[in-house]
Each structure stands twice: as C-alpha cells, then as structure tokens.
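>>> Give me a model of this one.
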Amino acid sequence: MDLETLTAWSSEHATALGTAGAILLVALVAAAWLRRALLRAAEQAEADHEARAHVPGELPLTPAEETTTEPRPPPDPTAEGPPPAAPPPANLVRATAAMAPVLVMLVGVAAALEVTGLLPVGEWVAVSHEALTRPLTGNTEDPITALSLLTLLFWLGAGWWTSRLLQRALGRTMTRRGSDEGVVASMQRLLHYVMLLLALGVGLEAAGFDLSAIFAASAVFAVGISFGLQNIVKNFVSGIILLIEQSIKPGDFLTVDGRLVRVRELGVRATIAVTLDDDTIIIPNSTLIENSVVNHSLGTDVVRARAQVGVHYDSDLDVVRKALEQASRRFRPRETHHDPVVLLTGFGSSSVDFEVSIWIGNAFLRPRILSQLRHALWNALKEADVVIAYPQIDVHLDGVVLEALRRRGSRATPADEREA
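Model (predicted):
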C-alpha cells in the first residue's frame, strides 16, 4: 500500500479511526484505574490481616496456654517474628489485578478493530458460536456440543481453583488454632473432594446435561457396577470414613499385618505408607477399616520400647534393679516426661530375666534406640559387677557310670593310647 492509498483510506475512515482511538484510550484508562483500585484493596486486606495478627516477637497462645490463668512473660522487643502471610482474599485480589487489565485491553483492541473494519470480530464471534453449538452426537433433544464440554471443563477448573483457595484458608485457620498436621491434611483432602463433586454437579447442570436421566441410568447399572467395582467402592467408602473419623492421619505410625509403617498420604482409595526399610507400600483403605490395626500415634505422641536382659542366679537382685534404673534414667534419647519402668519378668532356665521399658517419640527409631539402650545396660551391669547370664548345662553322672568309665579306661591298650 503506497502513501496515496494510505492517505485516501485514512481520510475515508477518519471517523472510524477516531472512534477506535477513543475506545483504546478509554480501555487504557479503565485498565489502569481498575488495576490501581484492586491493588489498593489488596493492600487494605493485608493491613487488616497484619492488624489482627500477633505483635512481632510474640507467638500466639497454644490451646494449653489459653486454659491457664498465668500470664505469659512479656515479649522481647528486639525479637522479630516472621511476617504474617498474606490472607487468601489479598492473594485473590492481586491475581485479579494482574489479569483484569489485560482482559479490558483485549476487549478494547477487539472493539477498535471491529469499528475500523480491519478485523471482523463480530463475524468471527458468530462463526465461533455456530461451531461451538453444533451437535457432536445424533441426539437432537439434548445434544452434546463443544460449548457444553467447555462449560463443564470451566466449572471443573473453577471448582479446583476454589478448592485450592479454601484448602489454604482452612490450613491456616486450623494451624493457627494448634491442630495437628495430619488432621489438617485430612480435612483439606476431604474439602477438595467435596468441592470437586459440587463443581461436577454444577458443571453438568450448566452444560445442559439432564442430571435426572443420569441418576436414572446410574440406578439401572447400579447392580452391575456393584459387582464389577465392589472393591473400588468399598475402598472409596472406607477412605471417606477414615477422613471423617480421623482415626488414622498422615504421619501416624501403624502396625499392619505385623509390619511397622508410617502413613505418608491418606487417599480416598488407598493409603500410602513407608516401612522401616524405606519401601513404599499401598494399603487399601478397606484393610484399615476391616482388620485390627495398631495406631501408635492415636491419642499420644510417644511409643514404648522394651529391652530384655538376663542376669546370673547368684546376682543381687536389688543391685541389678538399681543399676538398670540408673542406666535407663540417664539414657538421653528417651522422653523425660515418662519415667522408665524396670520389671522382673521371670526365672528362666539359665537366668533371672528383667525388662526395661522407656518411651520414645519416633517409632521408626525404636531399633536404633534399643541398640543404644542395650549398650548402656551392658555397661551399667559391668560397672556393678553383675554377670549377664548365658545358657549353660551341668552334667551329673552316677557312681556306677563313673566306675564303668574308669574300668574302661584302665583296659585301654598302648596302641589305643597311641591312637588317642
């Protein structure tokens, strides 16, 4: 296009160009104003959050401190606490402030191109709408279109994004109130599944799917599905029960089928756990519901560790007990708020048997801590001059047998003695 042609086109479309420029200017001003307003709203939300947070250097009260009447000592004015995290509303407003001006400018550019005739946006919209509403199946009453599928995906995405925001808000709230990490993770997972289920229902309804027909069809196939997916449904229901009941949480130490494991993730269908050998195992949730499972972390943060030792029958039992008690009390890896227990468990064939019990905070460290405890008990008994018993057998022979052995020995020939 040469200069004369461009000049003629500009004079012919002067009005359209002026309108397009005005539209772009209005869009630019609107985008800038919207961004500034949203950023101010985010700053105000963060300021309100900081005003409600604790002062620097002072931690929030724990549940135990909330129930006591004793005042907490004043905070150190020189200490600087961690800055409070931005609340979810502020994060949402900042994300909107980043995206909204871009959308406003895109709408303005599209309107300007439409006015000048350079880009037939209206025709493109009409063609796109026709393509999106074209039935993909032969059903003319309730057709499935690309627009309905996009609507369903939009609601699923919105539900997932909303679930993430609600999970963060729930996690901050429960953590601030002193809830356990396992409880927080379980409640967040349950909230996630509920939000996705709601988003799926709303998305299907918004996309034009007849939910009553879907429910009727599911009732028809319920019998067949119950047989084919019996185990999956059972594990799914068991997972929901575990999430609601909170009897097993991530981080708990369990004994399942005689094996000590630590729960890493509690899913809806199965639970992922780690063994002492760092092997990852997948446990169906129905196994945790139907079978007897020992939860070492339920209601307590410590587990018991036992070490057995046997001493000689000639030992002074009072000296033995005192040595074992002193050694177990001096043992540092144990939990100090539980006193060690020394018990005389029985009289064996070769030893007097004792059992020393201590409490530790990590069940996975029990083999290592028990090894250290046995070393400490060994050294304590050695210092007390106590003999640790070992199996031994005393053989007693009658006089007739001894006499027969002597006679046999006296009959031995020189050749036999040389062979011997």
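>>> Please enumerate the strands of the stretch 201-350 of the chain.
Under the criterion DSSP state E, counting those that start in this stretch, strands of the stretch 201-350 of the chain are mapped to 253-256, 259-266, 270-275, 280-284, 294-295, 303-311, 341-347.
>>> Could you save those as TSV and add columns showing mean pLDDT?
Shown next, in TSV, are those (pLDDT from 0 to 100):
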stretch	mean pLDDT
strand 253-256	90
strand 259-266	89
strand 270-275	90
strand 280-284	92
strand 294-295	90
strand 303-311	92
strand 341-347	93
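>>> out of these, nearest to residue 375?
Closest of those to residue 375 is strand 303-311, at 10.2 Å (criterion: CB to CB). For the C-beta atoms, the positions are set from N, CA and C on the backbone; glycine is no exception.
>>> Mean neighbour count and distance to residue 236 added to the strands of the stretch 201-350 of the chain, as a markdown table?
A markdown table is the format used below for the strands of the stretch 201-350 of the chain (neighbours: other CB atoms under 10 Å; distance: least, CB to CB, whole Å):
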| stretch | mean neighbour count | distance to residue 236 |
| --- | --- | --- |
| strand 253-256 | 18 | 19 |
| strand 259-266 | 19 | 13 |
| strand 270-275 | 19 | 10 |
| strand 280-284 | 15 | 10 |
| strand 294-295 | 14 | 21 |
| strand 303-311 | 18 | 31 |
| strand 341-347 | 13 | 43 |
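>>> Tell me which of these lies nearest to residue 158.
Residue 158 sits nearest to strand 259-266 of all those, at 25.6 Å, using CB to CB.
>>> and for the closest one, what are the contacting residues?
182, 185-186, 189, 239, 242-243, 248-255, 271-276, 280-281, 283, 363-364, 366 (CB atoms under 8 Å, 6 or more residues apart in numbering).
>>> tell me which residues in stretch 33-48 are buried?
Residues 34, 35, 38, 41, 42, 45, 46 are the ones in stretch 33-48 that count as buried (16 or more other CB atoms under 10 Å).
>>> And stretch 97-113, by the same measure?
For stretch 97-113, the neighbour count (16+ other CB under 10 Å) marks 97, 100, 101, 104, 105, 108, 109, 110, 111, 112 as buried.
>>> hang on, the fourth one is in a helix, isn't it?
Yes: secondary structure assignment (DSSP: H, G, I helix; E, B strand; the rest coil) places residue 104 inside a helix.
>>> And the residue nearest to it when sequence neighbours are not counted, how far from residue 108?
Excluding the flanking residues, the one nearest residue 104 by CB to CB, 6 or more residues apart in numbering is residue 31, at 4.3 Å. Counting by CB to CB, to the nearest Å, the gap from residue 31 to residue 108 is 8 Å.
>>> quick one on the thing from earlier: make a markdown table out of the buried residues of stretch 97-113 and add secondary structure and pLDDT.
Below are those laid out as a markdown table (DSSP: H, G, I helix; E, B strand; the rest coil; pLDDT from 0 to 100):
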| residue | secondary structure | pLDDT |
| --- | --- | --- |
| 97 | helix | 72 |
| 100 | helix | 76 |
| 101 | helix | 78 |
| 104 | helix | 77 |
| 105 | helix | 79 |
| 108 | helix | 75 |
| 109 | helix | 77 |
| 110 | helix | 74 |
| 111 | helix | 74 |
| 112 | helix | 71 |
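>>> wait, which of the residues you listed is closest to residue 135?
When these are ranked by distance to residue 135 (CB to CB), residue 110 comes first, at 28.2 Å.
>>> any idea how far that closest one lies from residue 104?
Distance of residue 110 to residue 104, given as CB to CB: 11 Å.
>>> which helix in this structure runs the most residues?
In the chain, assigned by DSSP state H, the helix with the most residues is helix 14-52.
>>> can you give me the mean pLDDT across it?
Helix 14-52 shows a mean pLDDT of 75.
>>> burial of residue 243, as a residue count?
For residue 243, the count of nearby residues is 22 (other CB atoms under 10 Å).
>>> you'd agree it is up against residue 185?
No: at 9.8 Å, residue 243 does not count as touching residue 185 under the criterion of CB atoms under 8 Å.
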